[in-house]
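Trainee: Mind looking at a prediction? Sequence and model below.
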Amino acid sequence: MASSAQKFITSSFFGLTLIVAFMAFLLKFKSSQKLFSAEELSLHNGTDESLPILLGILGSVFDVTKGKSHYGVGGGYHHFAGRDASRAFVSGNFTGDGLTDSLRGLSSTEVHSVVGWRDFYFKSYKFVGKLVGRYYDSQGNPTKYLKGAEAKAARGAQLMEKQKEMEAKQPSCSSRWSQDDGGEVWCDNGFPRLVQRPFEIALTGKMSRRCACYSEDQLGQPGLEVVYGFLQGSAQGRLNLPFIMAFGDHSISTIYDLGFLIEAWCTFFQDCRSFNPTPTKIRQCPMQCFDPIPTIQFSISVSLNQSHSIQTMADDDSPPQGRQFSANGTSIPTADVEAKLDKGNIQEAESSLRERLSLNSEEARTLLGRLEYQRGNVESALRVLDGIDLQSAIQGLQPSVMTNSYSNSNSNSSSLSSSSYDNAGANRDSQNQKAAKLVLEGVYLKAKSLQKLGKFTEAAKDCTSVLDAVGKIFPQGISDAQVESPLQETVSKAVELLPELLKLAGNYQEAMATYRRVLLNPWNLDNECFARIQKAFAVFLLHSGLEADPPSLGAQAEGAYVPKNNLEEAILLLLVIMQKIHQGVVQWDPSVMDHLMYALSLCSQTPVLSKQLEELKPGLFHRTERWNFLALCCSGAGQNKAALNILRKSLHINEKPNDLTALLLAAKICSEDPHLAAEGVGYAQRAVDNAKGVDEHLKGACLRMLGLCLGKQAKVSSSDFERSQLQNGSLKSLDSALSLEQDNPDIIFELGVHYAEQRNLNTALHFAKKYIDITGGSELKGWRLLALILSAQQRFAEAETVTDAALDETGKWEQGPLLRLKAKLKVSQLRPMEAIDTYRHLLALVQAQRKALGPMKTDSQVDDKVKEFEVWYGLATLYSSLSHWKDVEVCVQKAREMKQYSAELLHTEGKICCMHEERGEFQEALSSHINAGLLDPLFVPSKVRIGALLPKMGSIALPVARTVLSDALRIEPTNRKAWYHLGMVHKADGRLAEAVDCLQAASMLEDSDPVENFRSIL
């Protein structure tokens, strides 16, 4: 027994010793984590050799003294020392504002990279403390910014994993590179195709593509693009590139994004001017040079006779060592010409081509210019192409066109007439035409060279000269019979390029005029090219910030629709493209729908957008995604019932029951209807529960919706206890949302309204002022809330001052709610005649607005918050308080012309009848109020009047009166008149204690009663 006790004591002592040692370790570790200020950290930048060199990243501070050669003075990473420059780790901006700890605007991939750098320092260097500021507070606890950055990085990691999983389903193209032979991309099985990378926009905020291998039966899938330069007939399916090389931190084995390679290739040849690429040289090229290589393939075939031709590709991607020029049965390697060009002997190179291949000067210069352009020697290409004579192209094409026109006009003549043409002349015309086509393509290539050199105005002039030349040759427009595909390709690309060059040159008005001219002229463009130009013009109209003049009426057909502004014209263009997509004329382009959504949402034409979504073919959108878009359109059009039905379908357990977008929209719709609020609480709670991981940043919005739904549900609660619980839950949810989004003005405003309704006026006043500060006083509802809170505090003069200040800062058409509020404030200050003048001013304003909107607009369609009916009703109420009954009847009659049946008018008629009880109109008054309640069961004033009138019928009516007044308080718990009359009913029924409570409530509410209901500003 003794030994057991001793053993127990020994083991207990040993365990206690471990605990003490562990606590000591924790205290030592914690004490070693020093908290640095920014000023203190700046001293450790390596300039003082007695201090260690420290570096901060995401608020974590590391001792990098052992890397002094890198982080010390003169080192390549010295700019990181003594500060937290988290952003510079991915931005590459090591000067000025770039050396900051803010990650604002970075993509999830970039934030994930910053977190990766922090992990690197944890592994490689000593962690010495934390930097107080953005990422850690004064106690060393993580702030919401650090948590947000880590959550965003986690989202980036998850999306990258998903991207890898999806891309693994389709094998990537194989690639290799060597400095001697260049590189190539190929597919062992299948065909290389460029395809949009999934999640790339979410990861980087940009769109990019990769090269993947597809089998022949998969080539019909939408979104696939033929790899530029890929030779379909090659045995191994290979694409030759001048180089495929390591770039940045990517090794050759990991580079498979062909778009990235082509951009790097273009940048290298444009600025580095060499066929000896190295990663260092590539990095030295400026970022603005990343201009994707032209997707135009200049296929030149100058037929000199039926058996000889010259063939080359202006943007051919094959190695220069393997190309040849050939004509008339003669071939020469390009290397012979390149040697002369490298020495600057352009004339010798031209003469060599002319003599050895029997070419004229323009043809030879075009081929030389193409070769130099292909080699990346853009300036040299420009010097070569400057010598092309454009007039020769015009003269060469005109005889051929005339011959074609004559032939077409006599196609029904006899065969004898047809055979009378001079075959030799026809062959000669054909030769001239094809040679001229080559010259036109050379001029176009000159424009491309000028574009690459940043000479956009000159490039636009050359591009215009190509189109003008074609316009002279084909004054009646181009027909299929008159033009061959190479010339048509040049024309199409020139037409597409010209407005882009004008935009780059800053000639925006001329660019708009060019877009219209291009779309109206008969250029014989194919449907895809025409649609691309239409889309580019629509995007320019939407986002240029310029207001273009309407199209010329002279160019319009009789009865045609003429757009009045940029927005209408852009929508019209996008709708035309969508119609072509529906008809299968052009391929599906998701960006067209994106731009159309934006444009139609600007003008609140969501029904039109809904129709476009319904007409899309199945498979272009996932059905739940399409349902969500349709629900959003219906909600925007005010069809909340239809929107909610669609969302219920989308959120079904067999579809996507936890889709946050659909849950939030459903909760928002339900938050606007008290009878749907309970359902909305369910949606909002599910949204809160699912706001995790990559969606954690939406938790604030989810909590806000939960608070709104709970608050609306409290309006229809059947018991005081339940109402109190719901209101407390609403405030708690909104407070939680505000803690996550401290500067969200919507949450601040809603909290102000909630506290004001519960008569916590000081807190409500604090939130109202905070809302005005955050919004800079630009929101009208903030001023109205402030004025109402002041009126509830019986500070009517101050409330009127606030209203006058808001009127001075508000446009004329937006002054209606403020004028109505001002009139009621004057009534509260016992200045009824001034209130009447204010109502008359308001009435004139509303009538002027109604007239400006046109006779086709009904009062219910007017978008302003104050309707003419409301003004007449307000005047009737004011006159009734002054006992001016004739004026009341006139106002009621005017209001009835606006709205024949309304609870407000029946209520006013009941008040008129109450004034004539001696004439036996008591029953008429009661009937009017009952009819008002039947017309609108939520109209509280009529319920209060019914409760006030029923006790006059005797004690038998007291239970009914008590029920009606209790129902009024259920709808509006802060209605002081309802509390007062309920107290009088309790008194008449002998319930004195209840009567005292009700009358006290009425007295308290009278001291905090606003001139308008707080909910009137929502």
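Mentor: Nice, I can see it.

Trainee: quick one: Ala678 from Val890, how far?
Mentor: For Ala678, the distance to Val890 equals 44 Å [CB to CB, to the nearest Å]. Just so you know, the C-beta spots here come from the backbone N, C-alpha and C atoms, and that holds for glycine as well.

Trainee: who's in contact with the nearest residue in space to Ala459 that is not next to it in sequence?
Mentor: Of all residues not flanking Ala459 in the chain, Leu450 sits nearest, at 3.6 Å (CB to CB, 6 or more residues apart in numbering). Taking CB atoms under 8 Å, 6 or more residues apart in numbering, we find Leu450 in contact with Leu382, Phe456, Glu458, Ala459, Asp462.

Trainee: Mind telling me what element Leu450 is part of?
Mentor: helix 423-452 (DSSP states H and E).

Trainee: moving C-terminal of that helix, what's the next helix or strand?
Mentor: Downstream of helix 423-452, the next assigned helix or strand under DSSP H and E is helix 456-473.

Trainee: which strands and helices sit next to that following helix?
Mentor: Applying 3 or more CB pairs under 8 Å, 6 or more residues apart in numbering; DSSP states H and E, we find helix 456-473 packed against helix 390-409, helix 423-452, helix 485-504.

Trainee: worst average pLDDT in the ones you listed?
Mentor: Sorting the helices and strands packed on helix 456-473 by mean pLDDT places helix 390-409 lowest, at a mean of 52.

Trainee: what about the regular element (helix or strand) spanning Ala764, distance to the chain center?
Mentor: Element membership for Ala764 (DSSP H and E) is helix 761-775. How far helix 761-775 lies from its chain's middle: 30 Å, per CA atoms, centre = their mean, to the nearest Å.

Trainee: which residues are in contact with that helix?
Mentor: 743, 745, 748-749, 751-753, 755-756, 779, 782-783, 785-786, 789-790, 792-793, 1008.

Trainee: Give the buried residues for the helix or strand containing Leu382.
Mentor: In the assignment (DSSP H and E), Leu382 maps to helix 378-385. Buried positions in helix 378-385, judged by neighbour count with 16 or more other CB atoms under 10 Å: Val378, Ser380, Ala381, Leu382, Arg383, Val384, Leu385.

Trainee: Need those in CSV (columns: distance to Phe767 and pLDDT).
Mentor: Converted to CSV, the buried residues of helix 378-385 look like this (distance: CB to CB, whole Å; pLDDT from 0 to 100):
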residue, distance to Phe767, pLDDT
Val378, 61, 81
Ser380, 68, 80
Ala381, 66, 80
Leu382, 65, 82
Arg383, 70, 81
Val384, 71, 78
Leu385, 68, 79
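
Trainee: can I get those residues in JSON lines with distance to Gln727?
Mentor: Listed next are the buried residues of helix 378-385 as JSON lines, based on distance: CB to CB, whole Å:
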{"residue": "Val378", "distance to Gln727": "71"}
{"residue": "Ser380", "distance to Gln727": "78"}
{"residue": "Ala381", "distance to Gln727": "75"}
{"residue": "Leu382", "distance to Gln727": "75"}
{"residue": "Arg383", "distance to Gln727": "80"}
{"residue": "Val384", "distance to Gln727": "81"}
{"residue": "Leu385", "distance to Gln727": "77"}
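
Trainee: Considering those, which is situated nearest to Ser902?
Mentor: Val378 (74.5 Å; CB to CB).

Trainee: Tell me which residues touch that closest one, please.
Mentor: Residues near Val378 by CB under 8 Å, 6+ apart: Gln270, Glu372, Ser449, Lys452, Leu453.

Trainee: Put together CSV for those, with distance to Glu363 and neighbour count on each row.
Mentor: As requested, the contacts of Val378 are exported to CSV (distance: CB to CB, whole Å; neighbours: other CB atoms under 10 Å):
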residue, distance to Glu363, neighbour count
Gln270, 26, 19
Glu372, 15, 25
Ser449, 18, 26
Lys452, 23, 21
Leu453, 24, 15
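
Trainee: what would those look like in TSV with distance to Arg970?
Mentor: What follows is those, written out as TSV (distance: CB to CB, whole Å):
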residue	distance to Arg970
Gln270	74
Glu372	85
Ser449	79
Lys452	74
Leu453	76
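
Trainee: From Ser730, how far out is the residue nearest to the spatial centre of the chain?
Mentor: In the chain, the residue lying closest to the centroid (CA atoms, centre = their mean) is Tyr598, at 7.9 Å. For Tyr598, the distance to Ser730 equals 34 Å [CB to CB].

Trainee: returning to that earlier point: just the ones of the contacts of helix 761-775 in helices?
Mentor: Using DSSP state H to define helices, the subset of these located there is 745, 748-749, 751-753, 755-756, 782-783, 785-786, 789-790, 792.

Trainee: Just the buried subset of those, please.
Mentor: Buried members of the ones in helices among the contacts of helix 761-775, counted by 16+ other CB under 10 Å: 745, 748-749, 751-753, 755-756, 782-783, 785-786, 789-790, 792.

Trainee: show me where the stretch 651-800 of the chain has strands.
Mentor: In the stretch 651-800 of the chain, no strands are found when defined by DSSP state E, counting those that start in this stretch.

Trainee: Equivalent analysis for the stretch 1-150 of the chain, please.
Mentor: Going by DSSP E, counting those that start in this stretch, the stretch 1-150 of the chain shows strands at 34-36, 54-57, 60-63, 126-131.

Trainee: Most tightly packed of those strands?
Mentor: strand 54-57 (a mean of 27; mean count of other CB atoms under 10 Å).

Trainee: Which residues does that strand contact?
Mentor: Strand 54-57 is contacted from outside by 36, 41, 44, 61-64, 71, 80-86, 89, 101, 114, 117-118, 121, 125, 128, 131, using CB under 8 Å, 6+ apart.

Trainee: Please apply the same query to stretch 82-98.
Mentor: Against stretch 82-98 from outside (CB under 8 Å, 6+ apart): 38, 41-46, 53-59, 79-80, 99-103, 106, 110, 113-114, 117, 131, 133-135.

Trainee: quick one, what contacts the spatially closest residue to Cys529 that is not a sequence neighbour?
Mentor: Excluding its sequence neighbours, the residue lying closest to Cys529 (CB to CB, 6+ apart) is Ser492, at 4.8 Å. Going by CB under 8 Å, 6+ apart, Ser492 touches Trp523, Leu525, Asp526, Cys529.

Trainee: Widest-spaced pair of those?
Mentor: Of all pairs in the contacts of Ser492, the most separated under CB to CB is Trp523 and Asp526 at 10.0 Å.
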